[in-house]
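# mind folding the following:
(one chain, ligands or ions: 2)
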Amino acid sequence: MRYIKILLSFLIIGTSISCKESGAGNKRPETAIKKPNIVLIYMDDLGYGDVGFNGATEMKTPNMDKLANSGVRFTQGYATSATCTPSRYGLLTGVYPWRNTKAKILPGTAALIIDTTQMTLPRMLKSKGYHTGIVGKWHLGLGTGIVNWNERINPSPNEVGFDYSYIMAATQDRVPTVYIKNGYVVGLDPEDPIEINYQQNFQGQPTGLDHPELLKMKWDHGHNNSIVNGIPRIGFMKGGEAAKWKDEDMADHFLKEAQNYVRAHKKEPFFLYYAMQQPHVPRTPNERFVGVSGMGPRGDVIVEADWCVGEFVKTLEENGLLDNTLIIFTSDNGPVLNDGYVDDAVEKIGDHTPAGGLRGGKYSLFEAGTRVPFFTYWRGTIEPSVSEAMVCQIDLLSSLAQLVDSDTRVGDSQELLDTFLGKKSKGRDHLVIEATSRTAFKQGDWVLIPPYKGPAVSKFVNIETGNSSEFQLYNLKEDIAQERNLAGTHAEKLQEILAIFEGIKGNPDAKGMKNQN
Ligand code: NG6
Ligand code: CA
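Numbering: from 1, shown residues only. Ligands and ions are numbered 1, 2, ... in the order given. Here you go, the predicted model:
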């Protein structure tokens, strides 16, 4: 009798869940199913091992985990690069960043590095009737050379396919420290114009170098130019007082913008690129999150970011959009602890492993540089699974084109829609990865790193770079931590992979660069 009761209660729970899950889904019109909303949540410097869904036990990311474990969780999901600008370039254009020599970490004054006639992910979606928006970090340059921050900044994300943009220009540690909405600095007082210079300071402006007593966060390396909110930055800034962001409110601010975007566009298919700033430096959790992780500000902002993801998904749910929205979650590059500020990231890390057992980190050609947290989630459409397919953010352009019935296939972007939706397990055969202007090659389980000059460990961030005077060849299936260099014993394999690698790198047109329709 007891067993029957238990069985019955399971059945009842089961039925109520499945009713809730399918809900309005059955009544959705065909067109809505064909054009799901697409949300791309892009983290900044979040490591493979920084999330519960990839095995973290010390760091708590319940909201991300819930989505990842109900979607397709990719164990071999890659950014194209181990730093921000190149990864974002690859993500949005579908072209390998090493093909564009400008795709390097950019100062806040850099010109836009995406050609305004180039095909981009938002432009492709826009051509299929999507409203397209970006909220968060941009870091792909603005304007054409010399930006006047007091007028409309042009070109901006709006000139490369976004209908709406609410961004920070570069990074949280770089000036200008202001939000920019559709090309205009938000809250700018015309009587207090903004001036930016990356070469020299403006007369009379305190810097982190000269005025350590003004700092609430100390710099460790770099980051000793203009002081904003007691935090020393990269680059010099004058004016724009009323427009300056408050670092501790940035997460809430971008979240609110992202939620407002969803509410404003819920009646049409939309694409939202929600590019969060965490856990990039300076790590400035809102006071609600200070101390929550026990790992100092780096851990606290990851918990904060996880909360933001939860709140954002609630907004989709409240607006009845969750069954018709594909969410893609990933990060622009791997983890770093000391990235230039004294913020206890190293001291308080405890047993947490941001790289999750992978070698290297941000800036590195080893796995942790580019293998990042990666999942897709679409309630009612994607079945929960774990995929070992090798996929890259660069593939989203061609794959999402397939999803929305667009013929666009661009550059190096492979069409892997079924893999992203968990219907197929086949991923890429090979991938060129990039880190600080060096490249390496992955084919199947093999990784080939050509010889590079320079330090084996980068001094300030204390991360293994991947540099060696020798060729390196690793088999990730047997050696995920890249501890055994097989270049000496597998010379034939090395030559075979090297030939393919050189074939791709040596011929920029080989992969359809011309096909940018
Ligand atoms: C480096 C900065 C680092 C970070 C990085 C860009 C110094 C010493 N280091 O130059 O703090 O801003 O650029 O990070 O200035 S990324 O995630 O946007 O690529
Ligand atoms: Ca980054």
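# just give me the neighbour total for Thr465.
Neighbour count for Thr465, taken as other C-beta atoms under 10 Å: 24. Where C-beta positions appear, they are placed from N, C-alpha and C, glycine not excepted.
# any idea how far Arg359 is from Thr57?
Distance of Thr57 to Arg359, computed by C-beta to C-beta, to the nearest Å: 20 Å.
# looking at the two now, which is surrounded by more residues?
A count of neighbours by other C-beta under 10 Å puts Arg359 above the other of Thr57 and Arg359, at 20 against 10.
# check the gap between the more buried one and ligand 2 for me.
Distance of Arg359 to ligand 2, given as C-beta to the ion, to the nearest Å: 18 Å.
# and the contacts of the helix or strand hosting Lys505?
Per DSSP states H and E: Lys505 is located in helix 491-506. Applying C-beta atoms under 8 Å, 6 or more residues apart in numbering, the set of residues contacting helix 491-506 from outside is 98, 430, 432, 439, 441, 443, 446, 448, 450, 471, 473, 486-487, 510-511.
# pull out the buried residues from it.
Lys493, Leu494, Ile497, Leu498, Phe501, Ile504, Lys505 (16 or more other C-beta atoms under 10 Å).
# same question for stretch 205-222.
Gln205, Thr207, Gly208, Leu215, Met217, Trp219, Asp220, Gly222.
# check contacts around the nearest residue to the last one once chain neighbours are set aside.
Spatial nearest neighbour of Gly222, chain neighbours left out: Gly340 (4.7 Å); criterion: C-beta to C-beta, 6 or more residues apart in numbering. For Gly340, the contact set (C-beta under 8 Å, 6+ apart) comprises Asp173, Trp219, Asp220, His221, Gly222, His223, Val281, Phe460.
# show me what contacts Met217?
Gly230, Ile231, Pro232, Pro282, Thr284, Tyr341, Val342, Asp343.
# let's see that with 10 Å instead.
208, 223, 227, 229-232, 247, 281-284, 297, 341-343 (C-beta atoms under 10 Å, 6 or more residues apart in numbering).
# please apply the same query to Cys308.
Counted by C-beta under 10 Å, 6+ apart, Cys308 has contacts 41, 63, 251-252, 254-256, 258-259, 274, 276, 278, 301.
# in which helix or strand would I find it?
helix 296-318.
# can you name the next helix or strand after that helix?
Helix 296-318 is succeeded, C-terminally, by strand 325-331 (DSSP H and E).
# any part of that next one near ligand 1?
No - figure legend: strand 325-331 not in contact with ligand 1 (C-beta under 6 Å from any ligand atom); closest approach 9.7 Å.
# just send the buried residues of stretch 205-222 back as JSON lines, with distance to ligand 2 and pLDDT too.
Output for these, formatted as JSON lines (distance: C-beta to the ion, whole Å; pLDDT from 0 to 100):
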{"residue": "Gln205", "distance to ligand 2": "27", "pLDDT": "96"}
{"residue": "Thr207", "distance to ligand 2": "24", "pLDDT": "98"}
{"residue": "Gly208", "distance to ligand 2": "21", "pLDDT": "98"}
{"residue": "Leu215", "distance to ligand 2": "23", "pLDDT": "98"}
{"residue": "Met217", "distance to ligand 2": "19", "pLDDT": "98"}
{"residue": "Trp219", "distance to ligand 2": "18", "pLDDT": "98"}
{"residue": "Asp220", "distance to ligand 2": "18", "pLDDT": "98"}
{"residue": "Gly222", "distance to ligand 2": "15", "pLDDT": "97"}
